[in-house]
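J.: Curious how this folds, go ahead:
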Amino acid sequence: MLPRTWYTSRPEPHRPDRLMKTTRIKPLDAVWLMMETSDTPMHMGVLSVFQKPRNCGAKYFVQLAEQMRSVQPVAPWNYRLAKGIGYRTVVDEDFDIDYHFRRSALPEPGGERELGQMISRLHSSALDLGRPLWEVHLIEGLERDRFALYIKMHHALVEGVNGVPALLATLSHSARSRSVEPLWAQPPVNRDQHEDIAENLQWPGLAESIDSAAAMGRAALGLLSGALRPSERNSFLLPRGTPRSTLNRRINAQRRFATQQFDQQRIEAVADATDSTVNEILTYLCGSSLRRFFKEYNALPDESLVGMIPVSLQERGQHLAGNAIAGLRMPLGTHIADPLKRLQCVKKTMKEVRRDRASLPEESVTSYVLLRAAPIYASQIEKLGQFVPPLYNLAVSNTAGAEKTCYYNGARLEAVYPLNPLLQFSALSIDCVSYAGTLNVGFTGARDTLPHLQRMAVYLGKALADLEELVAKGEAA
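T.: Down below sits the predicted model:
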């Protein structure tokens, strides 16, 4: 369907894959492999920053690396793609821990700039599709006695909007615990609970998984009727209201990454003062940051930029595999100069998004998600994608992390940031995760499309300060 590239120079395995026991990849996972190209690698990332334990000794990193390297992977961390026999995986009998776990150090002074540059470089290189689809980098040399872990994993490997839950599930809430094992020592979080979802979904023969053709037809008619309503702006079928912008140019594999961290109490305070939700404030801040950034480059569209919010039915008790690409469209109010009117616009459109999300059918969920995402798949097909109208300008997500402080064998987790893959003609993803009273925002952008991406993170902070000032003056009541 879509071109794929095998990034490997490994010799052929001694035993042909067709003679080894293989496991079929679920359809929603296989989609990410189908969309893999040299310009759009489909891996996600997680950057976590830790404070070293007190009195840990001069050989702390040597011992930490040896401990992590000594642990062998469990399924699916030891699976690689089987070659030549469709979308299946096979146990990698030649697994090399030294390839997947790497130790490196930042140049002095080891600040946020140096860390951002290293993460941008690491995230720009594609995973080797001939090996298990993950890497973990232990990064030393951060200022103030800190270190970082950068995790890169393919979207086809781990279900979920991003890999943050997979990481947090491996950590401890006790600073005294020294029995925490690395990520690859246990199955990804929540994977087992979805085994019953798609166990009957197969390639080919996806139609066999649909509970009833009538249910699928009702879902399609519902989407079409919603899209045809003049007031509807959030349907993925027959979308309207998305301007072409700098963000919708063709991209290559090179990435930039920037971060911003807020005290969650600051966000909650302005949310209470403006009768808003935390999600509405975060969306407003993203729109305000984007407006300032693109005005600076004289590239702000006359119409509002539109964000794509990933769909998650798990909050409604559904057992949907989270590895879906469909989402809801959310205008960010970037065309409105007045900050308070922009906030009101965001609150109004957020209510529309909630209504759209609540309308998702209870039956045939997997097939419904695939239906909603069909235009996105079409936009990624080479030579065809340039003719598909933009469905959205950027991706925006907010993931619940952990309420309590987490530790990795005594090292305190200070911050955690998600890095999501970028699709062709969509050059930016803004992703937030809550953790221990903080909100951590990661900006993943196409390097050649978005110069000085760190300014966007800075403007996000200034947007919050400006809104706090309006609240203090009583203008936002």
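J.: Give the residue spans of this structure that score low on pLDDT.
T.: Confidence mapping of the chain against pLDDT under 70 gives the ranges 1-15, 17-19, 159-162, 189-240, 311-326, 357, 359-373, 477.
J.: middle-most residue in it, spatially?
T.: Centroid-nearest residue in the chain, with CA atoms, centre = their mean: residue 420, separated by 3.3 Å.
J.: Now for the residue lying closest to that one once chain neighbours are set aside: which residues touch it?
T.: Nearest residue to residue 420, sequence neighbours excluded (CB to CB, 6 or more residues apart in numbering): residue 429, at 4.3 Å. In short, each C-beta sits where N, CA and C put it, glycine included. Residues counted as contacts of residue 429 (CB atoms under 8 Å, 6 or more residues apart in numbering) are 394-397, 419-422, 443-445.
J.: which of the residues in stretch 340-348 are buried?
T.: Buried residues in stretch 340-348, counting neighbours by 16 or more other CB atoms under 10 Å, are found at 342-347.
J.: Out of these, which sit inside strands?
T.: Judged by DSSP state E, strands contain none of the buried residues of stretch 340-348.
J.: hang on, the earlier thing: distance of the residue nearest to the centre of the chain from residue 384?
T.: 24 Å (CB to CB, to the nearest Å).
J.: for residue 36, phi and psi?
T.: phi -70, psi 120 (degrees, to the nearest 10).
J.: Isn't it up against residue 29?
T.: No - using CB atoms under 8 Å as the test, residue 36 is too far from residue 29 to be in contact (11.9 Å).
J.: Tell me which two in the buried residues of stretch 340-348 are the farthest apart.
T.: Farthest pair in the buried residues of stretch 340-348 (CB to CB) is 342 and 347. Separation: 9.9 Å.
J.: still on that earlier bit, neighbour count for residue 36 and residue 29, which is higher?
T.: Between residue 36 and residue 29, counted using other CB atoms under 10 Å, the more crowded position is residue 36 (25 against 20).
J.: excluding its backbone neighbours, what's nearest residue 341?
T.: With CB to CB, 6+ apart, the residue lying closest to residue 341 is residue 333, at 8.0 Å.
J.: Using the three-state scheme, assign the one you found.
T.: coil (DSSP: H, G, I helix; E, B strand; the rest coil).
J.: Please apply the same query to residue 132.
T.: Assignment for residue 132 (three-state DSSP): coil.
J.: Would you check that it makes contact with residue 75?
T.: No - taking contacts as CB under 8 Å, residue 132 lies outside contact range of residue 75: 10.1 Å.
J.: Who has more neighbours out of those two?
T.: Set residue 132 next to residue 75 and count neighbours by other CB under 10 Å: residue 132 wins out with 25 against 13.
J.: can you pull the contacts of that one?
T.: 73, 76-80, 92, 95, 100, 157.
J.: Out of those, list just those in helices.
T.: residue 100 (DSSP state H).
J.: which of the contacts of residue 132 sit farthest apart?
T.: Top of the distance list for the contacts of residue 132 (CB to CB): 95 and 157, 14.3 Å.
J.: Just the C-alphas of stretch 26-46, formatted as PDB.
T.: C-alpha atoms of stretch 26-46 as PDB (Å, rounded to 0.1, in the frame of the first residue of the first chain):
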ATOM      1  CA  LYS A  26      -2.700  -6.600  14.700                       C
ATOM      2  CA  PRO A  27      -4.200  -4.500  11.900                       C
ATOM      3  CA  LEU A  28      -4.100  -1.200  13.900                       C
ATOM      4  CA  ASP A  29      -0.400  -1.900  14.700                       C
ATOM      5  CA  ALA A  30       0.400  -2.900  11.100                       C
ATOM      6  CA  VAL A  31      -0.900   0.400   9.800                       C
ATOM      7  CA  TRP A  32       2.000   2.200  11.300                       C
ATOM      8  CA  LEU A  33       4.400  -0.100   9.500                       C
ATOM      9  CA  MET A  34       2.600   0.500   6.300                       C
ATOM     10  CA  MET A  35       3.100   4.200   6.800                       C
ATOM     11  CA  GLU A  36       6.800   3.900   7.400                       C
ATOM     12  CA  THR A  37       8.900   5.800   4.900                       C
ATOM     13  CA  SER A  38      12.400   7.300   4.900                       C
ATOM     14  CA  ASP A  39      10.900  10.700   5.500                       C
ATOM     15  CA  THR A  40       8.300   9.700   8.100                       C
ATOM     16  CA  PRO A  41       9.700   7.100  10.500                       C
ATOM     17  CA  MET A  42       6.800   5.900  12.700                       C
ATOM     18  CA  HIS A  43       8.600   5.700  16.000                       C
ATOM     19  CA  MET A  44       7.600   7.600  19.200                       C
ATOM     20  CA  GLY A  45      10.000   8.700  21.900                       C
ATOM     21  CA  VAL A  46      10.100   9.500  25.700                       C
END
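J.: Just give me the neighbour total for residue 129.
T.: Quick note: residue 129 (other CB under 10 Å) scores 19 neighbours.
J.: Please tell me how far the residue nearest to residue 420 sits from residue 101.
T.: Residue 429 is 26 Å from residue 101, by CB to CB.
J.: ok, now residue 447?
T.: 26 Å.
J.: do residue 379 as well
T.: For residue 379, the distance to residue 101 - CB to CB - is 36 Å.
J.: Equivalent analysis for residue 174, please.
T.: To residue 101, residue 174 is 24 Å away according to CB to CB.
J.: Those two - which one has more neighbours?
T.: residue 101 (20 against 14).
J.: residues contacting the closest residue to residue 265 other than its chain neighbours?
T.: Setting aside the residues directly before and after it, residue 265 is nearest to residue 437 in space (CB to CB, 6+ apart), at 7.1 Å. By CB under 8 Å, 6+ apart, the contact set of residue 437 is 263-265.
J.: Also residue 77?
T.: With CB under 8 Å, 6+ apart, residue 77 has these contacts: 132, 134, 183-184.
J.: What segments of the stretch 51-200 of the chain are helices?
T.: Remark: helices assigned in the stretch 51-200 of the chain by DSSP state H, counting those that start in this stretch are 60-69, 97-100, 112-124, 164-168.
J.: Since that was my last question, I'll sign off now.
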